[in-house]
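Asker: Quick one, what's the 3D model for this:
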Amino acid sequence: MTKRKLKPLEYAFWLLKLQDRSIGGLREKMERKEYSSQEIKETIDFLIAKNFLDDERFARNFVRFKKSLKPTGKYYLQNKLRQKKIDNDIIEKVLGENSDQAEEVEDAADRWLAKNKKVPKEKIYEKLSRYLVSRGFSWEIVKEVVEEKIN
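Answerer: Prediction:
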C-alpha cells in the first residue's frame, strides 16, 4: 500500500498543526516535497490572506519563547530568525521592541554567578564573559556588566 501525496493546502495545514512556521520555512518544506512553484505560491498566498501565516507574529512568538527558556541576546536571536527565513526588516523591528539588553545581561550574569559559586575569582571575568557572549549579547554591554559584577 502506498501513501498518497497530500494536496498542497492539506500538507501546509498539517505542518502548521505540528508547529508555527515562517513563510520561508513553510516554502522550503513544501519545495522538499516537490510541489510545483505555482502550488506553493497559491497555498502560501491563501494562508497569508487567511492570517494563518504571518512572519512578524512568528518572529515575536519565537523571540518570546527563546527568552523564556534561557537568557538570549540580540545576535543569537538574529541568527536564529535568519535561519527561519525571516526578512531582515522584520527581525530589526521585532528585536528593536525588545531592546533592554543591559537588564537581561545582568539577570543572566546573576543566574550564572549563583550557579557557579566555586569558580575561582581570577577565572570569573573570563568564564562569565564567554558565557554571556555565547548567549548572543553584545560585547560592550557584557564587558560593562561583568566589570560591575566583579567589583
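
Asker: tally of neighbours for residue 112?
Answerer: Using other C-beta atoms under 10 Å, residue 112 has 19 other residues around it. C-betas here are computed from N, CA, C, even on glycine.

Asker: Only the buried residues of the host helix or strand of it, if you could.
Answerer: Element membership for residue 112, per DSSP states H and E: helix 101-115. In terms of neighbour count (16 or more other C-beta atoms under 10 Å), helix 101-115 has its buried residues at 101-102, 104-106, 108-109, 112.

Asker: Who are the contact partners of residue 145?
Answerer: Contacts for residue 145 (C-beta atoms under 8 Å, 6 or more residues apart in numbering) come out as 102, 105-106, 109, 132.

Asker: May I have the helix holding residue 112 as CSV, with CA atoms only?
Answerer: C-alpha atoms of helix 101-115 as CSV (Å, rounded to 0.1, in the frame of the first residue of the first chain):
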residue,chain,number,x,y,z
GLN,A,101,19.8,44.2,26.8
ALA,A,102,21.6,45.6,29.9
GLU,A,103,18.9,44.3,32.2
GLU,A,104,18.8,40.9,30.5
VAL,A,105,22.6,40.7,30.7
GLU,A,106,22.5,41.5,34.4
ASP,A,107,19.9,38.8,35.1
ALA,A,108,21.9,36.3,33.1
ALA,A,109,25.1,37.2,34.9
ASP,A,110,23.3,36.9,38.3
ARG,A,111,22.0,33.5,37.4
TRP,A,112,25.4,32.3,36.2
LEU,A,113,27.1,33.6,39.3
ALA,A,114,24.5,31.8,41.5
LYS,A,115,25.1,28.5,39.7
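
Asker: Alright, that wraps it up for me.
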